[in-house]
Every structure is written in structure tokens, then in C-alpha cells.
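Engineer: just the structure for this:
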Amino acid sequence: MAEIKKSGEQFGSRLGLIAAMLGMAVGTGNIWRFPREVASNNGGAFILMCFLALFIWAVPLICAESVFGKKSRMANAGGFKTMLGEKYTWMGTFTALTNAFLGAYYVVVVGWCLKYLAIILTGFLSTVREGGVEVTTQYFNNFALTPPSYESWVWFIVGIAICSIAVFRGIQGGIETANKVMIPMVFILLAVLFVRVLFIPGAMKGLEFMYHIDVKDFANPRIWLAAFTQAAWSSGAGWGMFHIYYIYSAKDEDIELNAFTATFGDMVAAMLAGMVVLPTVFALSPNPETIKEVLGSGANGLTFIHLTNLFAHTSGGLIMGVLFFLALLSAAVSSVIAMIETGTRNLIDMGFPRVKATLCTALFFAVVGSYSALDNRFFNNQDMVWGVALLMVGLLYSIGSMKYGVEKLWNEDISPCSDIQVKWMWSVIKFFPFEFAFVWGWWMWDAKSWYPGEWFKFWPPTQYQYTPGVMVVEWAFVFAVCLLLNGFLSKRLIYSNKID
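Structural biologist: The predicted structure follows:
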């Protein structure tokens, strides 16, 4: 066994840990993805399915991550090594690298939010008021979608710098403080927007649509799949970042109630966003065809083209636009902070000082993410490849938990410290491989159908952005690196975050 050295950092309070967990979970998937998914899946039944998915997908995975981090006091690679043995280090390395590739493109969105917040504050909505959706479409195309997007790249670099500052400052002085400010801000801003939206004539149509339930939807497998996908990608469960934050938890820190709190808070944020976006679209769109066009325009189209246009054409639109993009920016920044900390902590476990580890992680984000910032086709490719790969990371945590012992983890680590004792919410981790096969298999099959006769092609990735072929090739490369470096890394992962 390698020597374990101490370098203890710790959250200042349980509130600080929960704020960081919510910061990781509440991201752009809540604000721009959830409303579209509600609209695409016919409202209320989908929402109820999402709540169910939280209990049987998100909570057990967050518990698994939390116990790996708390028990090992090491990041992903070191955590799998400590819990399962040196030959399983590669599983944690794959987790860490998946998060690194995810963060490298995700921070591009932080840059977009910064840019739009800046232009709205400097009068862009006046121009939109004169030219309408044609202006917002052309502007976003020129700014972000026409390669090479140099201005997008500049804002992307600014985004990395902003997010890295919190990680440089450590747990209590940086990450905890930042999340204690940003997460309440997200909820307050969305709540204020919701109240404002209620005063727009016709807004209630959006709420009626959002909450109407058609019982036939419960027999639709595609809506179930969409709900489980939303739970997976919105909550961040099984991605490996809750693992990171629990390295810094108190010895007696709760696991199960915190996991439930994080998933429930994530869903509340998504519901608030839905109650802002859908009523706004229904109230300000001139006809049903426009509503369908707006909600079917994708995340970028909804946010940067259509909502920006709608804000320009309503009373108080400037304030609404500022509050909306400030909420979106806060959600994105809090998530990227967790992604940078994931890379940083894995390097700290190898003996890197925090500042050097943060610089190395930020440099990786800058180099790898530049391709996504400069060319949106590559952004789309990375979003698909590493978004689906995150499902595989969840599978690794479920397998790891079963190998260590689901009952053993409950009896020794979860039950003794948890303020709620709902054993089945943890025990369903044993069934996660079946849930994974259901959701991951559907995404792979669906992607295959998008490229008839070409689903196996992978080059160039800017052309074959979503094929199963390109996903498998990129995953195989990272898996190969993880396996080849397994012995090398396992011998260097000796610095745990022991709490005295």
C-alpha cells in the first residue's frame, strides 16, 4: 500500500457543502433544456416521471459518489484505487478525463452567457426591437456558429479565468463562498422572473400546458426515456463531481439526506425555469406555429435567438433579459467550478500544489475547449460524445459499489450518518446497470438512425458529429489511455485529504 499523506481542506459547514452540491447540479440543463423537454413530451406526465427518476437514478448514484469520496478522501482515480484496489484505478481515471473533456466544451457556454449579458446591458434589445428574430438569428450565427468564431473564443477564455479564480482560492475561501452567493442568486432570480411573467397577458396558457396530464403518456416509452435522460443530465448524478466535494466533508457528514436535497433542489430549479420560459413563450408568441418553432429550436435557438427576441418585445424586457442571463450565467459558472475542481483534485492527489494543479486543469480546458469555441460543429460533437459517456461513468460507480458491497456501504458508511433512513433509495443501485442499458442503448440506437448507412463513420467529427462511430472511437482512445497509464498513476496517487 502506498504511503498516504495528509493535506486537509474541509467545507466550513453543511450548508456550504449543500450549496456546492447544488452548484454542481443546477446548470444550463435546468434552465434551457428542461423547458424544451417538458414541451416536447407533453407536459405534466413527463414531470412526474422526472421525479420518479430522481429516486431510482439520481439519489443512489449521488450516494455512491459521496461514499467513495468520503471514505477514500481521494479524487476519482485515487478513490477507485482505494476502494477497489490498484488495478481499478483506470475506472476513476476515465471518470476524471470524461469530466475534463466535458468541462472543456461546457465553459464555452459561460462565454456565451457573459457576452449576451454584456450586449443586453449595452442596448442590444433596442436593435432587436426593430429587426426582430432575424437580428437575433444573424447575430448569434456570426458570433458563435460561423467558424472560426474568434469572438466566442475570447469570451471562452474569460470564462475559464473567472471559474478558475474560485478553485485557486480553495474550498472555504473560493468554492464554498462562490456557491453560497450564486446558488441562492439562481433561485431568487428565477423566482423574480416567474412573478414578472405572471403579469404578461396569456402567460397562464404556458402553465396550463406545463401541468396538464394525459394519462396515456405514462404508456409512452419515449417519454420515460426522456425523463430518465433529463434526470441523468440535469442532476449530475454519477458524473464523479459529488465524489470530489465529499472529499472535503466532515467525518459525520450526512449522505442520503444530502443526496435527496441536491436532487430535489435541482428539480425545483428546473421547475422554476420551466415556469419562466414556457409562459413567456406562450404569452409572447403570436400563434401556435411560432410556439412550436421556438420550443423546437434547440437550446441555443431558444435561449440566444428566440427568448432574446421575446424579451425585446415585452414591457420590462431589459430587466427580464438581464435577470435571465444572470441566472443562466450563475448556473453555468457553478457547474464549471465543479468540473475544474475535479481535474484539480485529481492532480493534488499526485502531489501537485493547488495553484499548479488549477493552472494545469485550466490550460487543458483552454487547449481542448478552443476547438469547441472556434467551431460549433465540434462543440456539438463533444456535447454528444461526453454527455453519453457520463452515463457510463454512472455505470462505473454502480459496479464499484456492488464490488465493494452495497450492504456493507449502507451499514458502515451511509446509515450511521444519514438523517433519513430510506434503505431502498440506496439499494436500487444494484439495478442501475439495467437502467443504464435502457437509456444508453436508446441513445446509441437513436444516433444510429440519424445516419442511415453511415452510422459507423467517425471522420471528420465536424461532419459526423453524433454517430455511434465517432462516440466509440473517442471513448476507446480515452479508455486505452486510462488502461495504459493505470500502473503509472496508481503508484503516484498517494496524497489523500485526511480530516483530523
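Engineer: tell me how far the residue nearest to residue 205 when sequence neighbours are not counted lies from residue 335.
Structural biologist: Nearest non-adjacent residue to residue 205, counting by CB to CB, 6 or more residues apart in numbering: residue 282, 4.3 Å away. Where C-beta positions appear, they are placed from N, C-alpha and C, glycine not excepted. From residue 282 across to residue 335, the span is 28 Å (CB to CB, to the nearest Å).
Engineer: wait, residue 349 sits on residue 74?
Structural biologist: Yes. Counting by CB atoms under 8 Å, residue 349 does reach residue 74; the two are 5.2 Å apart.
Engineer: what touches both of the two?
Structural biologist: Counting by CB atoms under 8 Å, 6 or more residues apart in numbering, the shared contacts of residue 349 and residue 74 are 493, 495-496.
Engineer: ok, and the most crowded of those?
Structural biologist: Compared across the shared contacts of residue 349 and residue 74, residue 493 has the highest neighbour count, 25 neighbours, by other CB atoms under 10 Å.
Engineer: surely that residue and residue 74 touch.
Structural biologist: Yes. With contact defined as CB under 8 Å, residue 493 reaches residue 74; the gap is 6.6 Å.
Engineer: near residue 121, how many other residues are there?
Structural biologist: That count, for residue 121 with other CB under 10 Å as the rule, works out to 13.
Engineer: so for it, what's the pLDDT?
Structural biologist: Residue 121 is assigned 93 on the pLDDT scale.
Engineer: and the residue lying closest to it once chain neighbours are set aside, how far from residue 292?
Structural biologist: Once flanking residues are discounted, residue 121 sits nearest to residue 322: 6.4 Å by CB to CB, 6+ apart. Going from residue 322 to residue 292 by CB to CB gives 28 Å.
Engineer: more neighbours: these two, which one.
Structural biologist: Using other CB under 10 Å as the criterion, residue 322 and residue 292 rank with residue 322 on top: 17 against 13.
Engineer: now do the more buried one against residue 408, distance only.
Structural biologist: Residue 322 sits 51 Å away from residue 408, going by CB to CB.
Engineer: re the thing from before, filter the shared contacts of residue 349 and residue 74 down to the ones in strands?
Structural biologist: Residues of those located in strands (DSSP state E): 495-496.
Engineer: distance to residue 412 added to the shared contacts of residue 349 and residue 74, as CSV?
Structural biologist: Listed next are these as CSV, based on distance: CB to CB, whole Å:
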residue, distance to residue 412
493, 23
495, 24
496, 18
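Engineer: number of nearby residues for residue 462?
Structural biologist: 15.
Engineer: show me where the stretch 251-400 of the chain has helices.
Structural biologist: In the stretch 251-400 of the chain, the helices defined using DSSP state H, counting those that start in this stretch lie at 256-284, 288-295, 298-300, 308-312, 317-348, 354-374, 376-404.
Engineer: the ones you listed: which one's closest to residue 164?
Structural biologist: helix 354-374 (4.6 Å; CB to CB).
Engineer: next, format the helices of the stretch 251-400 of the chain as TSV and append distance to residue 31.
Structural biologist: Formatted as TSV, the helices of the stretch 251-400 of the chain follow (distance: least, CB to CB, whole Å):
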stretch	distance to residue 31
helix 256-284	4
helix 288-295	14
helix 298-300	9
helix 308-312	14
helix 317-348	5
helix 354-374	20
helix 376-404	16
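Engineer: where are the low-confidence patches of the stretch 101-250 of the chain?
Structural biologist: Scanning the stretch 101-250 of the chain for pLDDT under 70 picks out no residues.
Engineer: so where's the stretch 251-400 of the chain shaky on pLDDT?
Structural biologist: 286, 297.
Engineer: need the helices for the stretch 101-250 of the chain, in chain order.
Structural biologist: Using DSSP H, counting those that start in this stretch, helices in the stretch 101-250 of the chain cover 124-131, 133-140, 150-168, 177-198, 203-211, 221-235, 241-246.
Engineer: show me the contact partners of the shortest one.
Structural biologist: Same thing as helix 241-246. With CB under 8 Å, 6+ apart as the test, helix 241-246 has contacts from 11, 17, 20-21, 24, 62, 65-70, 75-76, 79, 95, 99, 236, 253, 255, 259, 262, 338-339, 341-342, 345, 397.
Engineer: gap between that helix and the chain center?
Structural biologist: Offset of helix 241-246 from its chain centre (CA atoms, centre = their mean, to the nearest Å): 14 Å.
Engineer: go on, the second one?
Structural biologist: Between the centre of helix 133-140 and the centre of its chain there are 27 Å (CA atoms, centre = their mean).
Engineer: packing partners for that helix?
Structural biologist: Counting contacts by 3 or more CB pairs under 8 Å, 6 or more residues apart in numbering; DSSP states H and E, helix 133-140 packs against helix 124-131, helix 308-312.
Engineer: wait, which of these is closest to residue 188?
Structural biologist: Each of those has some distance to residue 188 by CB to CB; the shortest is helix 308-312, at 18.8 Å.
Engineer: neighbouring contacts of the closest one?
Structural biologist: 116, 120, 124-126, 128-129, 132-133, 135-136, 280-281, 284-285, 294, 317-318, 320-321, 324.
Engineer: mean neighbour count and distance to residue 423 added to the helices of the stretch 101-250 of the chain, as a markdown table?
Structural biologist: Formatted as a markdown table, these follow (neighbours: other CB atoms under 10 Å; distance: least, CB to CB, whole Å):
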| stretch | mean neighbour count | distance to residue 423 |
| --- | --- | --- |
| helix 124-131 | 16 | 53 |
| helix 133-140 | 18 | 49 |
| helix 150-168 | 20 | 36 |
| helix 177-198 | 19 | 29 |
| helix 203-211 | 18 | 32 |
| helix 221-235 | 22 | 21 |
| helix 241-246 | 30 | 20 |
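Engineer: now those helices as a markdown table including distance to residue 35?
Structural biologist: Listed next are the helices of the stretch 101-250 of the chain as a markdown table, based on distance: least, CB to CB, whole Å:
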| stretch | distance to residue 35 |
| --- | --- |
| helix 124-131 | 21 |
| helix 133-140 | 18 |
| helix 150-168 | 23 |
| helix 177-198 | 11 |
| helix 203-211 | 8 |
| helix 221-235 | 11 |
| helix 241-246 | 24 |
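Engineer: figure out which of those helices is closest to residue 353.
Structural biologist: With distances scored as CB to CB, the stretch of these nearest to residue 353 is helix 150-168 (10.9 Å).
Engineer: report the angle between that closest one and helix 177-198.
Structural biologist: 130 degrees (axes from the mean of the first three to the mean of the last three CA atoms, to 10 degrees).
Engineer: so the residue nearest to residue 121 makes contact with residue 120?
Structural biologist: Yes. Residue 322 is in contact with residue 120 according to CB under 8 Å; the separation is 5.9 Å.
Engineer: quick one: residue 191 from residue 496, how far?
Structural biologist: Going from residue 191 to residue 496 by CB to CB gives 40 Å.
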